[in-house]
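> sequence and predicted structure below; questions after.
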Amino acid sequence: MESESDLSGERRIEVVLQERIARVRLVGPGGRALMDARLFEELGEVFKSLDQDDAVRVVILVGPDKDFSLGLDLKSAGGLLISLAEAGDTEARQDFLELLQGWQDAINAVAACRKPTIACITGWCVGAGVDLAAACDIRIASSDSVFSVREVRVGIVADLGSLQRLAGVIGDGHLRELALTGDDISASRAASIGLVNHVTDGAENTMASAAGTAARMAQNSPLVLRGVKEVLDTERGPRVAAGLRYTAAWNAAFIFSQDLREAMQAFTEGRDPVFSGR
């Protein structure tokens, strides 16, 4: 029997529950695989609800279509960041800090969910999409997937959790390479460094693999599933929280830079940015 949550419809996030497995589909503005302020708001709401729903044993996250996530919607977020930068005062920095902390809370709600979470990744997984995937317990990707911790290429320190969570997933050296270069990497490279658990051919097989893994998890005691996650998060949780607080403070202090303006201008003009370090 299949039932659709009342969180579905015209919202950014659609939830379908079938056989104790919730499939969460992220639908950004215009149906695209982009993350805007509204999606972040709904993401936190949805995962807090799923966490409390006894009918849900496991959660699978999917993108709207061929891509898992193209990251932050720079057209909307870029304009907001530039307007705050132009204000340039203490109030603007406080506004940015509160906005960023709200977005961090949304990703944190995924990580804090007591139900196992699986990111089913096809196509592009970029920027904030990597933050979201990193907040999940398991990542299963199609062979055509491409990953990028791309924030450095747009004049921003990644601030939604990749720098904190991926350290324990792929190791410090691989994380530094991805975060400092902003390089795109293939699914096979992602698997070789531990960023994804499994790689399959084609979107259908990827979803089938995620569904099969979720079904095996759902057969286990929900109390023990919760216990495993809480034990594993005992060390990681405080470390991630401290790192996110520092990153938010750092970006609130330094993000309103000439380099950010140049990155947003270059994005608008369809060219590579030329950074000055100012």
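Received it, and whenever you're ready, just let me know what you need.
> so Leu244 makes contact with Asp105?
No. In terms of Cβ atoms under 8 Å, Leu244 does not count as a neighbour of Asp105; the distance is 9.4 Å. Backbone N, C-alpha and C define where each C-beta goes, glycine included.
> please say which of these two ends up with more neighbours.
Under the neighbour definition other Cβ atoms under 10 Å, Leu244 and Asp105 were set side by side, and Leu244 has more, 22 against 16.
> so how far is Gly161 from the closest residue to the more buried one other than its chain neighbours?
Of all residues not flanking Leu244 in the chain, Gln104 sits nearest, at 5.3 Å (Cβ to Cβ, 6 or more residues apart in numbering). As defined by Cβ to Cβ, to the nearest Å, Gln104 lies at a distance of 7 Å from Gly161.
> higher neighbour count, those two?
The residue with more neighbours, out of Gln104 and Gly161 and counting by other Cβ under 10 Å, is Gly161; that gives 25 against 22.
> that one contacts Ala109, doesn't it?
No. Shown here, Gly161 and Ala109 do not form a contact pair, counting by Cβ under 8 Å, at 11.4 Å.
> check contacts around the residue nearest to Leu244.
Counting by Cβ atoms under 8 Å, 6 or more residues apart in numbering, Gln104 makes contact with Asp159, Leu160, Gly161, Leu244, Ala248.
> check Ile156 too.
Listed by Cβ under 8 Å, 6+ apart, the contact partners of Ile156 are Asn251, Ile255, Leu260, Ala263.
> just to revisit the earlier point, which two in the contacts of Gln104 are spaced the farthest apart?
In these, the most distant members under the criterion Cβ to Cβ are Gly161 and Ala248, with 11.0 Å between them.
> mind telling me what element the closest residue to Arg11 other than its chain neighbours is part of?
Nearest residue to Arg11, sequence neighbours excluded (Cβ to Cβ, 6+ apart): Glu42, at 5.7 Å. When secondary structure is defined by DSSP states H and E, Glu42 falls within helix 37-52.
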